[in-house]
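Visitor: Please work out how this folds:
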Amino acid sequence: MGRAIFAAALSLVLAGLGHFVLGLWRGVWFAVPSTVLLYLYWASFWEFADVAFLSLGVIAAFDAFSFARRGHGII
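Guide: Numbers count the residues shown, from 1 in each chain. Prediction:
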């Protein structure tokens, strides 16, 4: 259970990190868009990038938690 919570917490920091800790390359599909959204937020190009970044992080956290507990994700 601790591993699943740790993976979910890391995915809330940056989507995809929890997947990488679990040894899943699936995290690339979360980490790349998350990094782009973080850049758009910091550069002030898109005012809703922070909402999209947080939403992607929550989805990635649920997915990483599901992989750690059940062996398959939500997506």
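
Visitor: excluding its backbone neighbours, what's nearest Arg3?
Guide: Closest residue to Arg3 apart from its sequence neighbours, by CB to CB, 6 or more residues apart in numbering: Ala68 at 5.3 Å. All C-beta spots, glycine's among them, are computed from the backbone N, C-alpha and C.

Visitor: Could you do Ala7 as well?
Guide: In space, Ala7 is closest to Gly18, 3.5 Å off (CB to CB, 6+ apart).

Visitor: on contacts alone, who are the packing partners of the helix or strand that contains that neighbour?
Guide: Per DSSP states H and E, Gly18 falls inside helix 17-21. When contacts are defined as 3 or more CB pairs under 8 Å, 6 or more residues apart in numbering; DSSP states H and E, helix 17-21 packs onto helix 2-13, helix 28-42, helix 49-70.

Visitor: how about those in TSV, adding mean neighbour count?
Guide: Formatted as TSV, those follow (neighbours: other CB atoms under 10 Å):
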stretch	mean neighbour count
helix 2-13	18
helix 28-42	16
helix 49-70	19
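
Visitor: Could you export those helices to a markdown table, including columns for mean pLDDT?
Guide: Putting the helices and strands packed on helix 17-21 into a markdown table (pLDDT from 0 to 100) gives the following:
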| stretch | mean pLDDT |
| --- | --- |
| helix 2-13 | 95 |
| helix 28-42 | 94 |
| helix 49-70 | 94 |
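
Visitor: Need those in a markdown table (columns: distance to Leu22).
Guide: Formatted as a markdown table, those follow (distance: least, CB to CB, whole Å):
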| stretch | distance to Leu22 |
| --- | --- |
| helix 2-13 | 5 |
| helix 28-42 | 12 |
| helix 49-70 | 6 |
